[in-house]
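>>> model this:
(chains A and B)
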Number of protein chains: 2
Amino acid sequence: MCQGFKAAGIASGLKKNGMLDLGLIVSDTPAAVAGVFTRNRVQAAPVLLCKKRIQSGTSRAVIANSGNANCCTGDQGMADAVRMARLAAGALGIAEDQVLPASTGVIGQPLAVGKIEAALPALAAALSPDGLDDFARAIMTTDTRPKMISRQGHVNGKTFTVTAVAKGAGMICPNMATMLCFVMTDIAAEPGTLQPMLAASVDKSFNRITIDGDTSTNDTVLILANGMSGIFLEAGEGISVFQEVLDAVLIELAKMVVKDGEGATKLVEIVVKAAASEEDAKKIVFTVANSNLVKTALFGQDANWGRIFAAAGRSGAVFNPEAVDIWFDDVRIVKDGLWAGSEAEQKATRILQKPEFRIIIDLKNGDGQYSGWTCDFSIDYVKINADYRS
Amino acid sequence: MCQGFKAAGIASGLKKNGMLDLGLIVSDTPAAVAGVFTRNRVQAAPVLLCKKRIQSGTSRAVIANSGNANCCTGDQGMADAVRMARLAAGALGIAEDQVLPASTGVIGQPLAVGKIEAALPALAAALSPDGLDDFARAIMTTDTRPKMISRQGHVNGKTFTVTAVAKGAGMICPNMATMLCFVMTDIAAEPGTLQPMLAASVDKSFNRITIDGDTSTNDTVLILANGMSGIFLEAGEGISVFQEVLDAVLIELAKMVVKDGEGATKLVEIVVKAAASEEDAKKIVFTVANSNLVKTALFGQDANWGRIFAAAGRSGAVFNPEAVDIWFDDVRIVKDGLWAGSEAEQKATRILQKPEFRIIIDLKNGDGQYSGWTCDFSIDYVKINADYRS
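This next block holds a predicted model:
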């Protein structure tokens, strides 16, 4: 855990099964803050409140619950988000507007803030530098495991730390920060410096993953920077080192999210090379990454390149089908638009049996390049989502 | 079956399981022809050949196979499509360019035209006015039942018939004529009159359905009009009556395709009302209709309106979430953006148990309206598509 931060998680009763469902992160000092939020037209009350509160440039705490998204809950939902943050502020003895609320879970049900109120004293008492694992578990919904990572970087002989925690296993599709993610660092920075750096990292990580093509109403990525490392983020080496560490942390977390995708058994990177433009490459990456036919074939460990090709064809990108090569890792299954034969097919089938691999689509058409991560689409995905609310 | 047409279907061995896989439709006289084809960038050889051949304005026959899409097969694929049509022309004693080929099945494998050659004499000998059921079965892939329909109309005391046959159960998403469909009629028409009427009908039918969001490389809708009814299609009453019958036939067939969607247990119409524009309404219809989270909830018979709301929110359409009503048939589950309560929830849950119902999203925002059909997303969809090639 990054110095100067504490965390905790507790079971408040919001989840019916008695699992951890309420988490708190606190910075010992006011931290510079920046955030990236869902682009969904429908946005949860805590998202709307966070967006407003980070305008001040500093924050002290994050209170997050699972089991209820507090979305499509109208004026009552906004009042509940405000109250949830106020309760946390009271327990911590800090100003109300220094607390950022976040919620994840079922949409459209009123939030039982009474349960949060009852649990807050014990939650605040449990705050600890070792509490992040509990916090990570408290924000899980259909996630099967907590997702945390910590990395260090060095500037002018001084060391800084970036620690981040995320949740997300369904309703995951790139359209800005597709889940909850909280980043803590002891770098010192102006909020105005942090914001574009966070946005750039999100574009390389959470905006490149998809599990099911559905964008959540609650997606939130927040970064809190408390300055305790003594490194001040300004033009020069520091910026590039910090961006690099932040990128690495968020990319690793994003991959953890896809790997833990609902029902997922495989993590697959889709790479499109030599497209007419980056925009075209991106269209193909996400059309392939979201194709149910491709994803079920991945689950079936079937090197069904025809479905990949057909998905690329309907992506809207312009390319010459007769120039296309398709690779599974180092095996070229399609050469110049045609099947490369049964030997390549056999080799490709072995790659499909691996838990992680890459699909590379080479259009031989220009300089455009893009890549992203997806998972396979299994029987368990349907089971999980046919039953989720009940 | 419409007068002046014969059809047949036979097992040629292209399907490994010995099922019917090769079909022939023949018009006794040269028929006016029009066609609508996939907009996928990757197009199968028979699609490319059909597009060229219908330029002449008349055709006599369609030869169609299942078990192999003859797509991504390069120069050999085009040579095979030409040869397949030539063999049919030879067996029928008609000009080669009067035959339209179509293929559906696995992408990227060479077509075993030798099997088609060996089967053609028996296929031609089997041609009969009663052969359409066999033809319909011969073009099935993962379809569980043949899809045919016949309707009549009347103009100036004379009667015309429209008979159509279709296949499609997967790789179904609206982007022009999303499957194979062959329409036969005894109306007399200029090809230039038929083409826009066919396109208009397709926009009201096949372009409004989705099973899995994947657009095929082989989608083809052809109409052959042999004129035997003695009704000539020209401005006036005839045009509107014929368009009406053609619309009804294609809408009914399109709904049959969705109902037989891979693993589907429900046929659901998505209606968006009072959007800012028809374009916005359409965006929401297809985002909801293709959402895996919505479709798995439909399978689970869960009135999970939060997923519908969230899908609408990410569709790109502009609307005020606080004005939205959502209905399941005649039950309003969301009123002004908020949950309508547990009584509505109970009623909605009973509607979700029906095999067919409507989801109506009322944005109270303008005059834009659009609707489309989708199916639920079941465990069987994953099973079918994880195993399809093997």
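>>> Quick check: residue A:296 is in a helix.
Yes: judged by DSSP: H, G, I helix; E, B strand; the rest coil, residue A:296 forms part of a helix.
>>> for the record, mean pLDDT for the helix or strand hosting residue A:153?
Using DSSP states H and E, residue A:153 sits in strand A:147-155. Regarding strand A:147-155, the rounded mean pLDDT is 88.
>>> Likewise for stretch A:201-208?
On average, stretch A:201-208 scores 82.
>>> Any part of it near chain B?
No: Stretch A:201-208 lies out of reach of chain B by CB under 8 Å from any CB of the partner chain, never closer than 13.5 Å. To be clear about C-beta, it is placed using only N, CA and C from the backbone, and glycine gets the same treatment.
>>> Which parts of the stretch 251-390 of chain A are helices?
Assigned by DSSP state H, counting those that start in this stretch, the stretch 251-390 of chain A shows helices spanning A:278-290, A:292-299, A:305-313, A:342-352, A:379-387.
>>> Including mean neighbour count, distance to residue A:185 and mean pLDDT, could those helices go into TSV?
TSV is the format used below for these (neighbours: other CB atoms under 10 Å in any protein chain shown; distance: least, CB to CB, whole Å; pLDDT from 0 to 100):
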stretch	mean neighbour count	distance to residue A:185	mean pLDDT
helix A:278-290	23	29	92
helix A:292-299	27	35	89
helix A:305-313	27	38	89
helix A:342-352	16	38	94
helix A:379-387	21	34	79
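>>> right, so of the ones you listed, which gets closest to residue A:229?
Smallest distance to residue A:229 across the helices of the stretch 251-390 of chain A (CB to CB): 34.7 Å, for helix A:278-290.
>>> how about the CA coordinates for the strand holding residue A:153, as CSV?
Extracted in CSV, the C-alpha atoms of strand A:147-155 (Å, rounded to 0.1, in the frame of the first residue of the first chain):
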residue,chain,number,x,y,z
LYS,A,147,-7.8,-6.9,-8.0
MET,A,148,-5.0,-4.9,-6.6
ILE,A,149,-1.5,-3.9,-7.7
SER,A,150,1.3,-1.7,-6.5
ARG,A,151,4.3,-0.5,-8.5
GLN,A,152,7.2,1.9,-7.7
GLY,A,153,9.1,4.4,-9.8
HIS,A,154,12.2,6.6,-9.2
VAL,A,155,12.8,10.2,-9.9
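>>> Which strands or helices does it pack on?
Strand A:147-155 sits against helix A:132-138, strand A:158-167, helix A:237-259, with contacts defined as 3 or more CB pairs under 8 Å, 6 or more residues apart in numbering or on different chains; DSSP states H and E.
>>> mind listing what's buried in that strand?
A:147, A:148, A:149, A:151, A:153, A:155 (16 or more other CB atoms under 10 Å in any protein chain shown).
>>> Isn't the fifth one up against residue A:185?
When you say that, I think you mean residue A:153. No: between residue A:153 and residue A:185 there is no contact under CB atoms under 8 Å: 9.5 Å.
>>> what is in contact with those two at once?
Common contacts of residue A:153 and residue A:185, defined by CB atoms under 8 Å, 6 or more residues apart in numbering or on different chains, comprise A:160, A:162, A:242.
>>> ok, the second one - contacts?
Residues in contact with residue A:162, defined by CB under 8 Å, 6+ apart, are A:2, A:150-153, A:183-185, A:187, A:242, A:245-246, A:249.
>>> Now with 10 Å, please.
Residues near residue A:162 by CB atoms under 10 Å, 6 or more residues apart in numbering or on different chains: A:2, A:149-153, A:183-187, A:201, A:223, A:225, A:242, A:245-250.
>>> What separation do you get for it and residue B:34?
Look at residue A:162 and residue B:34: by CB to CB, to the nearest Å, they are 62 Å apart.
>>> next one: the last one
Counting by CB to CB, the separation of residue A:242 from residue B:34 is 62 Å.
>>> picking that back up, which among the helices of the stretch 251-390 of chain A is found nearest to residue B:88?
helix A:305-313 (25.2 Å).
>>> For the residue in the stretch 251-390 of chain A positioned nearest to chain B, which non-adjacent residue is closest in space?
Proximity of the stretch 251-390 of chain A to chain B (CB to the nearest CB) peaks at residue A:306, 2.7 Å away. The shortest distance from residue A:306 to any non-neighbouring residue, by CB to CB, 6 or more residues apart in numbering or on different chains, is to residue B:107 (2.7 Å).
>>> cool, residue A:224 as well?
Distance criterion CB to CB, 6+ apart; nearest residue to residue A:224, sequence neighbours excluded, is residue A:31 at 3.9 Å.
>>> Any idea what that neighbour is bridged to?
With DSSP bridges as the criterion, residue A:31 is bridged to residue A:59.
>>> Thought residue A:56 was touching it, still the case?
No: taking contacts as CB atoms under 10 Å, residue A:31 lies outside contact range of residue A:56: 11.5 Å.
>>> what do the two both touch?
A:98, A:191.
>>> Of these two, which one has the most company?
Neighbour comparison, residue A:31 and residue A:56: the larger count goes to residue A:31, with 30 against 13 (by other CB atoms under 10 Å in any protein chain shown).
>>> On the pLDDT front, check the more buried one for me.
If you check residue A:31, the pLDDT there is 92.
>>> Enumerate every residue touching residue A:272.
Residues counted as contacts of residue A:272 (CB under 10 Å, 6+ apart) are A:278, A:280-288, A:312, A:315, A:317, A:319, A:359-363, A:368-372.
>>> now the helices and strands packed on strand A:147-155 in a markdown table, with mean pLDDT?
Shown next, in a markdown table, are these (pLDDT from 0 to 100):
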| stretch | mean pLDDT |
| --- | --- |
| helix A:132-138 | 95 |
| strand A:158-167 | 88 |
| helix A:237-259 | 87 |
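>>> Tell me which of those lies nearest to residue B:50.
The closest of those to residue B:50 is helix A:237-259. By CB to CB, the value is 40.5 Å.
>>> buried set for the closest one?
A:238, A:241-243, A:245-251, A:253-259.
>>> Check which helices and strands it sits against.
If you count contacts as 3 or more CB pairs under 10 Å, 6 or more residues apart in numbering or on different chains; DSSP states H and E, helix A:237-259 packs onto strand A:147-155, strand A:158-167, strand A:180-185, helix A:191-204, strand A:220-225, strand A:267-275, strand A:368-375.
>>> any chance of those in TSV, with distance to residue A:77 too?
TSV is the format used below for the helices and strands packed on helix A:237-259 (distance: least, CB to CB, whole Å):
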stretch	distance to residue A:77
strand A:147-155	26
strand A:158-167	20
strand A:180-185	17
helix A:191-204	25
strand A:220-225	15
strand A:267-275	35
strand A:368-375	31
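>>> For residue B:294, find the nearest of those.
Closest approach to residue B:294 among the helices and strands packed on helix A:237-259 is made by strand A:368-375 (19.4 Å; CB to CB).
>>> In terms of residue numbering, what are the domains of chain A?
As given by automatic domain parsing, the domain ranges for chain A are A:5-259, A:267-387.
>>> of these, which approaches residue B:302 most closely?
The nearest among the domains of chain A, by CB to CB, is domain A:267-387 at 7.1 Å.
>>> Brilliant, that's me finished.
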